[in-house]
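Enquirer: I'll drop the sequence and a predicted model, then ask my questions.
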Amino acid sequence: MTIFEKSAPGRKAFKLPKNDLEEVEIKIPEHLKRKKPLMLPEVSEPEVVRHYTNLAYKNYSVDKGFYPLGSCTMKYNPKLNEAVVAFEGFYGIHPYQPWESTQGALKLMYELKEYLCEITGMDDMTLQPAAGAHGELVGMLIARAYHLSKGDVKRRIALVPDSAHGTNPASAAMAGFEVVELKSTQDGLVDLDELKKHLNDEVAVLMLTNPNTLGLFEKDILEIAKMIHDAGALLYYDGANLNAIMGRTRPGDMGFDIVHLNLHKTFSTPHGMGGPGSGPVGVKAFLKDFLPIPVIRKDGERYYLDFNVPKTIGRVRSFYGNFLVMVKAYTYILSMGSDGLEHASKMAVLNANYLRKLVSKYFDIASPRVCMHEFVVDGSKFVKQTGVRILDVAKRLLDYGVHAPTIYFPLIVHEAMMVEPTETESKETLDHFAAVLEKIVEEAKTKPEVVKTAPHTTPVRRLDDVSATKYPVFRYKK
Ligand SMILES: *Cc1c(COP(=O)(O)O)cnc(C)c1O
């Protein structure tokens with residue numbers, strides 16, 4: 001039931017004091033005036049509270065339970081982050097305020113940028129992109145501008161491995177590149193021979209995720225970087241998986257030239273349901289003149305926005321980007337400290353490997369190697385044996401109160417289920433997840449119908465998710 005259907009004429013949640021000011025007539029053109037009163041729900045305060053509390057109960061979140069959504073790093077978001085953004089000096093400022101009055105906010109952004117440069121091994125950074133995919137687009141535009149600035153107009157190809165996140169080829173295409181897919185090896189890594197075959201003077205950039213989407217570290221990364229640079233191309237790092245290496249190794253040291261991060265994954269700012277996010281892009285010194293404007297700089301004790309970036313790709317976002325997301329990430333970095341960040345990634349890797357071992361009792365794992373922050377189940381044999389699909393397993397998990405892992409990604413694994421537990425889960429939670437999977441596997445063998453028709457206990461059952469994204473309905477219609 002929507003809040004509109006709970007409405008009753010005249011019912012109110014509060015009363016305004018009687019208006020003791022003189023009425024002023026404002027001339028509004030007749031055609032702009034509303035003909036009917038605005039349709040607002042008329043409800044009492046307890047009704048409002050109950051309505052939204054009940055909706056919140058129906059929702060699943062990382063505050064409610066385990067959320068092993070591979071590639072999404074659904075770590076717990078410390079409540080301290082929320083306390084800090086609630087300071088009026090952060091949430092109450094306006095983007096049009098003069099810089100003299102927002103020095104503290106500029107300082108925070110400047111320092112965040114410095115920390116992130118240190119963590120990634122980059123020399124300069126923009127905090128403007130509003131999401132990971134937006135960061136990728138910015139990175140690709142920088143790569144393009146770089147080659148064009150040298151008169152190197154032939155470089156129109158972006159190489160993207162077949163294991164990449166779908167946003168990678170999309171971003172490269174949006175920036176005007178022709179996307180060429182690189183086949184991975186049997187083990188799911190970059191195939192050096194395949195790479196060599198594709199390298200020529202038309203290649204502008206290789207987009208790489210390391211560890212990749214199978215949770216595997218590209219052990220030949222230094223060799224890959226050398227091959228790319230020798231061919232005159234750039235190496236781009238999709239940093240959405242930084243949680244596996246943060247504080248331990250740096251994309252900058254691996255030879256990457258451009259990096260995007262997802263503050264809303266690795267740096268514990270809430271995400272899901274479309275935002276708000278933050279996807280900073282870091283570059284090596286030779287690319288810093290291409291960054292989008294404005295860049296935050298410091299002159300003595302004064303922080304300012306620099307619009308004078310000689311070869312800038314231009315503006316990519318209004319104002320400063322998603323500032324409060326930056327405040328949360330900054331709070332997280334300071335409260336963790338460098339030791340804490342390193343410990344977090346170690347624990348993320350430990351948790352993933354512990355769970356990988358447990359789950360390997362019930363399912364094949366796509367790679368037998370030690371994984372980084374996540375692993376991928378290969379459900380092909382299970383599907384053949386039981387007739388139950390990985391989609392069904394994912395749906396059945398919901399009945400047991402666990403959020404489903406990412407399924408059918410990466411595309412190179414058939415019947416894939418990608419599990420990323422993150423560092424914030426206890427051993428008991430991981431054991432429980434494995435026990436639930438064991439139960440579901442048993443059900444798939446003995447009473448497959450229960451699994452195939454799951455979920456049974458959620459507020460809604462199987463949804464038409466294609467129509468939901470293709471034809472979303474955001475308006476209430478009576
Ligand atoms: C999440 C993710 C992205 C995209 O980030 P968004 O903020 O969702 O746009 C890109 N690459 C990888 C590997 C990811 O996991």
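Expert: Yep, that arrived.

Enquirer: can you tell me the element T53 falls in?
Expert: If you go by DSSP states H and E, T53 is part of helix 45-58.

Enquirer: from the rest of the structure, what touches that helix?
Expert: Outside helix 45-58, the residues within contact range by Cβ atoms under 8 Å, 6 or more residues apart in numbering are 3, 6, 11, 13-14, 43, 459. In short, each C-beta sits where N, CA and C put it, glycine included.

Enquirer: immediately after that helix, which helix or strand?
Expert: Following helix 45-58 in sequence, per DSSP H and E, is helix 79-85.

Enquirer: and that next one, what does it pack against?
Expert: If you count contacts as 3 or more Cβ pairs under 8 Å, 6 or more residues apart in numbering; DSSP states H and E, helix 79-85 packs onto helix 323-359.

Enquirer: and the helix it packs on, which residues are buried?
Expert: 323-333, 336, 341, 344-345, 347-349, 351-356, 358-359 (16 or more other Cβ atoms under 10 Å).

Enquirer: can you list the domain ranges for this protein.
Expert: 3-58, 80-335, 338-468 (automatic domain parsing).

Enquirer: now the end-to-end length of the second one.
Expert: As for domain 80-335, its first-to-last residue distance stands at 9 Å under the measure Cα to Cα, to the nearest Å.

Enquirer: over to stretch 299-317?
Expert: 24 Å.

Enquirer: and the contacts of it?
Expert: 99, 103, 106-107, 109-110, 126, 128-130, 134, 137-138, 141-142, 145, 149, 289-298.

Enquirer: any quick PyMOL command for the buried ones out of those residues?
Expert: To isolate the buried ones among the contacts of stretch 299-317 in PyMOL, judged by 16+ other Cβ under 10 Å, type:
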select buried, resi 106+109+110+126+128+129+130+134+137+138+141+142+145+289+290+291+292+293+294+295+296+297
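
Enquirer: would you map the strands across the stretch 201-350 of the chain?
Expert: Applying DSSP state E, counting those that start in this stretch to the stretch 201-350 of the chain gives strands spanning 203-208, 234-239, 258-261, 281-283, 295-299, 302-306.

Enquirer: check the offset of the shortest one from the chain's centre.
Expert: Same thing as strand 281-283. Remark: strand 281-283 is offset 17 Å from the chain centroid, using Cα atoms, centre = their mean, to the nearest Å.

Enquirer: same question, stretch 371-379
Expert: That offset, for stretch 371-379, works out to 18 Å (Cα atoms, centre = their mean).

Enquirer: between the domains of the chain, which one is closest to the ligand.
Expert: domain 80-335 (2.3 Å; Cβ to the nearest ligand atom).

Enquirer: could you give the mean pLDDT of the closest one?
Expert: For domain 80-335, mean pLDDT is 96.

Enquirer: how about it and the ligand, any contact?
Expert: Yes. Interface with the ligand: domain 80-335 contributes 131-133, 165, 167, 209, 213, 238, 240-241, 262, 277, 279 (Cβ under 6 Å from any ligand atom).

Enquirer: pull out the buried residues from those residues.
Expert: 131-133, 165, 167, 209, 213, 238, 240-241, 262, 277, 279.

Enquirer: tell me the two of the residues you listed that are most distant?
Expert: The distance between the two most remote of these (Cβ to Cβ) is 18.7 Å, for T213 and G277.

Enquirer: tally of neighbours for A454?
Expert: Residues near A454, counting by other Cβ atoms under 10 Å, number 24.

Enquirer: oops, could you answer that again for H260 instead?
Expert: 31.

Enquirer: roughly how far does it sit from G166?
Expert: 15 Å (Cβ to Cβ, to the nearest Å).

Enquirer: cool, and S426?
Expert: S426 is 32 Å from G166, by Cβ to Cβ.

Enquirer: need the strands for the stretch 351-478 of the chain, in chain order.
Expert: 364-365, 375-378, 406-407, 416-419.

Enquirer: who touches V160 in this structure?
Expert: Taking Cβ under 8 Å, 6+ apart, one finds 168-169, 172, 179-182, 206-207 in contact with V160.

Enquirer: now the buried members of those residues.
Expert: Applying 16+ other Cβ under 10 Å to the contacts of V160 flags 168-169, 172, 179, 182, 206-207 as buried.

Enquirer: turn these into a markdown table, including distance to D191.
Expert: Below are those laid out as a markdown table (distance: Cβ to Cβ, whole Å):
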| residue | distance to D191 |
| --- | --- |
| N168 | 17 |
| P169 | 18 |
| A172 | 19 |
| V179 | 17 |
| L182 | 7 |
| L206 | 12 |
| M207 | 16 |
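
Enquirer: among these, which are in strands?
Expert: Per DSSP state E, strands hold the following members of the buried ones among the contacts of V160: 179, 182, 206-207.

Enquirer: tally up the residues packed near V49, please.
Expert: Around V49 there are 12 residues (other Cβ under 10 Å).

Enquirer: wait, I meant Y320
Expert: Neighbours of Y320 (other Cβ under 10 Å): 18.

Enquirer: over to A175?
Expert: 21.

Enquirer: excluding chain neighbours, what is closest to it?
Expert: M140 (3.5 Å; Cβ to Cβ, 6 or more residues apart in numbering).

Enquirer: now do the contacts for the one you found.
Expert: 158, 171-172, 174-175, 177, 205, 236.

Enquirer: and M418, by the same measure?
Expert: Contacts of M418 by Cβ under 8 Å, 6+ apart are 70-71, 213, 215, 374-377, 405-407, 409-410.

Enquirer: go with 6 Å
Expert: 70, 376, 405-406 (Cβ atoms under 6 Å, 6 or more residues apart in numbering).

Enquirer: good, we can wrap up now.
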